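S.K.: sequence unknown, structure follows:
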Ligand SMILES: [Ca+2]
Ligand SMILES: [Ca+2]
Ligand SMILES: [Ca+2]
Ligand SMILES: [Ca+2]
């Protein structure tokens, strides 16, 4: 109870109102809906997060709330911590250059391409028929060469279609190299306004947008430049999705590590970041609707290390994924604001969820084309597991494009390379899907063990990650 009161005191501001948003764990299982209904009747803004967790938000009068929070019905209260995409180190550096940002803003001001908001939520196309043929940009994907993808595909062409949830800023599901591999909810009839499979989401055919609460988890809401100025990384989720499962051998663009895996698009991060509650909803949606692999290129910007309970709600969601047999692939993080990586084992602010101790997590560091650890990449001999390509990575980007750098073509300005542990993580997620498709009866423990034991040891990762090596799917497929 002391803990609870400490949290509450920290959240009380001014004239006895709670700030922002709280997550509350209830003592009685399955009492969440009942409690939320009662709170709504009392004029509070409340939503169900899981069977035992609820979110309460807005400026809350203590008189309506305090007795309940201190009652035996409540076992834990915590802030609804914010989470973000792992910040691109090059973008962070650029934003630090105020003079250059101001200059760019002036140059962009008169250009409608970069000031006009992109049209959000385009219609979801049906999957086209597959036109076989070499992927023309495959030879430019250094990351696929580095992980030995071509030989892996020869060893074991993908059989079953493993579903990978990309839990991120959304996905451009209209992209020519992604549309084929978007997951299609087999139990949901599109566009009839009915929740056919009764999973709580109406017409959720390719995933869900937890931020805007709609069935179109489209990436890039707003112009590239607006998003950049707001501190976010435009098109992050689409880039991640491509390295998991851009369609292989379709005569278009690139290939993901798992050329036939299915991408479940779960959007929960916007230009201002996302919340723990939406992360939990996305994680639970993923495993409840058939995803075996969860690709997570996001995290907190450091939980309070003196808080021993921490983000219990998020930890319980990762546990839920483990109980359902899913692997949770997580970016190790991109260091501090100066773009320098740190040791997740010893730093006072490790990166969550990657640093949680759940066994179903594979935490991923970033390496470059020369096998060096990215200067920004976090590591950890105990808490980070493997390295994968994460510097200047070529992938799909919003608007049918393929990029290894974020560019403003009209003024010929390269904003930043596509760098980050965010870019490394989808390679491992794709590897898990590829291996699982060839070995459908293996458990998550066996898939994780195969990925880590087949890693190729390299000097840059010796003593830095548990496997001491980098991802290699050719070796993996021999296991
Ligand atoms: Ca549904
Ligand atoms: Ca429907
Ligand atoms: Ca949307
Ligand atoms: Ca392709």
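M.R.: Now that the structure is in, tell me what you want to look at. As the structure is a prediction and not an experimental result, all values here were calculated from the model. Ligands and ions are numbered 1, 2, ... in the order given.
S.K.: Could you measure from the one residue in the chain that gets nearest to ligand 3 over to residue 167?
M.R.: Closest contact between the chain and ligand 3, by Cβ to the ion, is at residue 209 (3.7 Å). For the C-beta atoms, the positions are set from N, CA and C on the backbone; glycine is no exception. Separation of residue 209 from residue 167 (Cβ to Cβ, to the nearest Å) stands at 12 Å.
S.K.: The two - which one has more neighbours?
M.R.: Shown here are residue 209 and residue 167; by other Cβ atoms under 10 Å, residue 167 has more neighbours (31 against 24).
S.K.: hang on, that one in a strand?
M.R.: Yes: Residue 167 forms part of a strand when assessed by DSSP: H, G, I helix; E, B strand; the rest coil.
S.K.: Now do the same contact list for it.
M.R.: With contact set as Cβ atoms under 8 Å, 6 or more residues apart in numbering, residue 167 has these partners: 266, 268, 279, 282-283, 286, 294-296, 298.
S.K.: Just the element for residue 239, please.
M.R.: helix 236-245 (DSSP states H and E).
S.K.: need the next SSE after that helix, C-terminal direction.
M.R.: Sequence-wise, the next helix or strand downstream of helix 236-245 (DSSP H and E) is strand 262-267.
S.K.: helices and strands around the next helix or strand after that following strand, which ones?
M.R.: Following strand 262-267 in sequence order, the next helix or strand is strand 274-275 (DSSP H and E). In this structure, strand 274-275 makes packing contacts with strand 82-85, judged by 3 or more Cβ pairs under 8 Å, 6 or more residues apart in numbering; DSSP states H and E.
S.K.: can you list contacts of the strand it packs on?
M.R.: The contact list for strand 82-85, computed with Cβ under 8 Å, 6+ apart, reads 168-169, 232-233, 236, 269, 273-276, 279, 297-301, 422.
S.K.: near ligand 1 too, which of the residues you listed?
M.R.: Among those, not one lies near ligand 1 by Cβ under 5 Å from the ion.
S.K.: Residue 376 and ligand 1: what is the separation?
M.R.: Distance of residue 376 to ligand 1, computed by Cβ to the ion, to the nearest Å: 39 Å.
S.K.: Let's verify that residue: helix, strand, or coil?
M.R.: Under three-state DSSP, residue 376 falls in the coil class.
S.K.: what number of residues lie near the closest residue to it other than its chain neighbours?
M.R.: Leaving out its chain neighbours, the residue that sits closest to residue 376 by Cβ to Cβ, 6 or more residues apart in numbering is residue 89, at 3.7 Å. By other Cβ under 10 Å, the residues close to residue 89 number 27.
S.K.: Next up, the contacts around residue 89.
M.R.: Taking Cβ under 8 Å, 6+ apart, we find residue 89 in contact with 334-335, 339, 374-376, 419-420.
S.K.: Just name the closest of those residues to residue 78, please.
M.R.: Checking the contacts of residue 89 against residue 78 by Cβ to Cβ gives residue 334 as the nearest, at 25.1 Å.
S.K.: Secondary structure element holding that closest one?
M.R.: Assigned by DSSP H and E, residue 334 belongs to no helix or strand.
S.K.: Now do the helix ranked longest in the chain against strand 262-267, angle only.
M.R.: Of all segments of type helix in the chain, defined using DSSP state H, the longest is helix 421-438. Here helix 421-438 runs at an angle of 140 degrees relative to strand 262-267 (axes from the mean of the first three to the mean of the last three Cα atoms, to 10 degrees).
S.K.: Helix 421-438 packs against which elements?
M.R.: Counting by 3+ Cβ pairs under 8 Å, 6+ apart, the packing neighbours recorded for helix 421-438 are strand 163-168, helix 236-245, strand 293-296, strand 327-331, strand 361-367, strand 386-389, helix 444-453, helix 473-477.
S.K.: elements contacting the fifth one?
M.R.: This points to strand 361-367. strand 327-331, strand 386-389, helix 421-438, helix 444-453.
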